[in-house]
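In: with the input below, show me the fold.
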Amino acid sequence: MTAGGTLSELLHQSTTSSPCVWCRPALADTFGTRKHGLLHSSPVCPPRATQGDGIWPSSSGRAGTEASGKILTGNSKEVAQKRPTAKDLPPRPLPPLNVSVASAQQGTPPQPLHSHDDGGAESRLELPQQEVQVPPQPVPAERVEEVCATARSRMRRQVLSVNGMPSNDENIAMARTALADAIAHTPNMPAGQHYLPDADTFVMSLTKITGTVRTVVKSAARAIIQHKYNLELGIWDASSEVAHKLRVVPALTTHLQCLFTTVKMVLDGTLQSVAVLEHDGLVSLVIEILWTHGFYKDLDFDDPTALDGVIALAGAALCSALMEYKTGVYKRVEFSTAKSKDTYQNVTAYISDKIYPRVELTARFKALKDKMKERGEVRLGL
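Out: Residues are numbered from 1 along each chain as shown. Have a look, this model is predicted:
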């Protein structure tokens, strides 16, 4: 037996009287094809309970009322009232558009859209302003030469003050930095918003500045060593100049002796003989390459260490020029990273490790750099 009778009874009832639309689901549930919330025990079309009777289940699971429900019997000819569907319900208002697309994607709190009265009969929604990122623009044609000239100066500054003996990769990186700095420091051209057309070609041209600066420094060093280190003998001197150079050059190049001179100064409260990095040949070469050749224009003298790199590069050039007479006769020695980087780094290490940790040596080194700058400016009448 099922909840509504045996299968044969139900089939018999369905032939004698047609069940109403409300009881058809009950029959379907009897056959196990659908579930119905309430089964009737009377044949065919028993009275159907309504919410008005207090037994119709509401959406909350408790008894409720339904004023529009009707009681239908199996013999009733009255057509059951049509149940409301979704399309018969009044339209539900949509929630207000209170978030922008950008804020929804980024997970920011929703921002309401405010309306404002523009003086007319209607008001309109004011959409939020979204920041538009402008892609980088090419440097204007009339300012390309200005940017390029600044970049060349910045590159010379890096060679003189930062790294005079870079590797190939370091040299390219220095050139790119010089170009970026030039664009950033050009008036009315904000950093990151402009680029130089065909920048790669120009960067490669900047890398050649390193070799150009070193060539100027080495040429000046060759001229200075002849009289500052007494490599040349007087015309009436009967001694062999070759033998003289064979004896002098090794002593000058050992432990960088060609860059130092000995002075009396108070160190640690005691008057001592101290080797200082200020040989006449070194001082003369720094003044020569900066003020005679005009490289002083590329330096930032507000930086107290601006001359440190110049002194190291000049020291490496002097050692390279002296080594050309190591055999007593002139034999060219290339002034390059491969040949002179160790000497360059030894001078920079001496400045940072031996001079700056000592207050007295630091003060004297600063005074030396001030004197070189003063002497160079006097020679040029600046």
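In: where does the stretch 151-300 of the chain have low pLDDT?
Out: Along the stretch 151-300 of the chain, segments meeting pLDDT under 70 span 191-192.
In: and the strands in it, which stretches?
Out: Here the stretch 151-300 of the chain has its strands, by DSSP state E, counting those that start in this stretch, at 194-195, 261-267, 270-276.
In: relative orientation of the second one and strand 270-276 in degrees?
Out: When axes from the mean of the first three to the mean of the last three CA atoms, to 10 degrees is applied, the directions of strand 261-267 and strand 270-276 differ by 150 degrees.
In: name every strand pairing with strand 261-267 and say which way it goes.
Out: strand 270-276 (antiparallel) (DSSP bridges).
In: mind listing residues that contact the partner strand?
Out: 260, 261, 262, 263, 264, 265, 266, 267, 361, 364, 365, 368 (CB atoms under 8 Å, 6 or more residues apart in numbering). The C-beta positions use only the backbone N, C-alpha and C, and glycine is treated the same way.
In: that older thread, can the strands of the stretch 151-300 of the chain go into CSV with extra columns for distance to residue 228?
Out: Shown next, in CSV, are these (distance: least, CB to CB, whole Å):
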stretch, distance to residue 228
strand 194-195, 47
strand 261-267, 11
strand 270-276, 16
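In: deepest of these, which one?
Out: Most buried of the strands of the stretch 151-300 of the chain by mean neighbour count (mean count of other CB atoms under 10 Å) is strand 194-195; its value is a mean of 16.
In: counting by contacts, list what that strand packs against.
Out: strand 137-138 (3 or more CB pairs under 8 Å, 6 or more residues apart in numbering; DSSP states H and E).
In: need the contact list for residue 137.
Out: 193, 194, 195.
In: tell me how far the last one lies from residue 182.
Out: Between residue 195 and residue 182 the distance, using CB to CB, to the nearest Å, works out to 12 Å.
In: again, but for the second one
Out: If you measure residue 194 against residue 182 using CB to CB, the figure is 11 Å.
In: where do the helices sit along this protein?
Out: Taking DSSP state H as the test, the helices found in the chain are 7-16, 24-30, 101-106, 144-157, 168-184, 199-228, 241-253, 280-287, 306-323, 337-350, 359-380.
In: circling back to that earlier point, among the strands of the stretch 151-300 of the chain, which is nearest residue 209?
Out: Residue 209 sits nearest to strand 194-195 of all the strands of the stretch 151-300 of the chain, at 20.5 Å, using CB to CB.
In: the closest one pairs with which strands?
Out: strand 137-138 (parallel).
In: of all the strands of the stretch 151-300 of the chain, which lies closest to residue 301?
Out: Nearest of these (CB to CB): strand 270-276, 21.7 Å.
In: for the nearest residue to residue 350 once chain neighbours are set aside, phi and psi?
Out: Once flanking residues are discounted, residue 350 sits nearest to residue 277: 6.7 Å by CB to CB, 6 or more residues apart in numbering. Note on residue 277: its backbone torsions stand at phi -80, psi 70 [degrees, to the nearest 10].
In: surely residue 277 and residue 349 touch.
Out: No: counting by CB atoms under 8 Å, residue 277 sits too far from residue 349 to count as a contact (11.8 Å).
In: compare these two (neighbour count), which wins?
Out: residue 277 (22 against 11; other CB atoms under 10 Å).
In: count of neighbours near residue 143?
Out: 16.
In: any idea how far it is from residue 153?
Out: In terms of CB to CB, residue 143 sits 15 Å off from residue 153.
In: ok, residue 374 next?
Out: 23 Å.
In: who has more neighbours out of these two?
Out: Between residue 374 and residue 153, residue 153 has the larger neighbour count (other CB under 10 Å), namely 17 against 12.
In: that one: what's it in contact with?
Out: By CB under 8 Å, 6+ apart, the neighbours of residue 153 are 182, 297, 298.
In: do that again at 7 Å, thanks
Out: residue 298 (CB atoms under 7 Å, 6 or more residues apart in numbering).
In: can you check residue 216 too?
Out: Contacts of residue 216 (CB under 7 Å, 6+ apart): 289, 293.
In: please begin residue numbering at 44 from this point
Out: Got it, the first residue is 44 from now on, which makes the last one we talked about residue 259.
In: quick revisit: as a markdown table, the contacts of strand 313-319 with distance to residue 347 would be great.
Out: What follows is the contacts of strand 313-319, written out as a markdown table (distance: CB to CB, whole Å):
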| residue | distance to residue 347 |
| --- | --- |
| 303 | 22 |
| 304 | 23 |
| 305 | 25 |
| 306 | 22 |
| 307 | 26 |
| 308 | 20 |
| 309 | 23 |
| 310 | 21 |
| 404 | 14 |
| 407 | 14 |
| 408 | 10 |
| 411 | 12 |
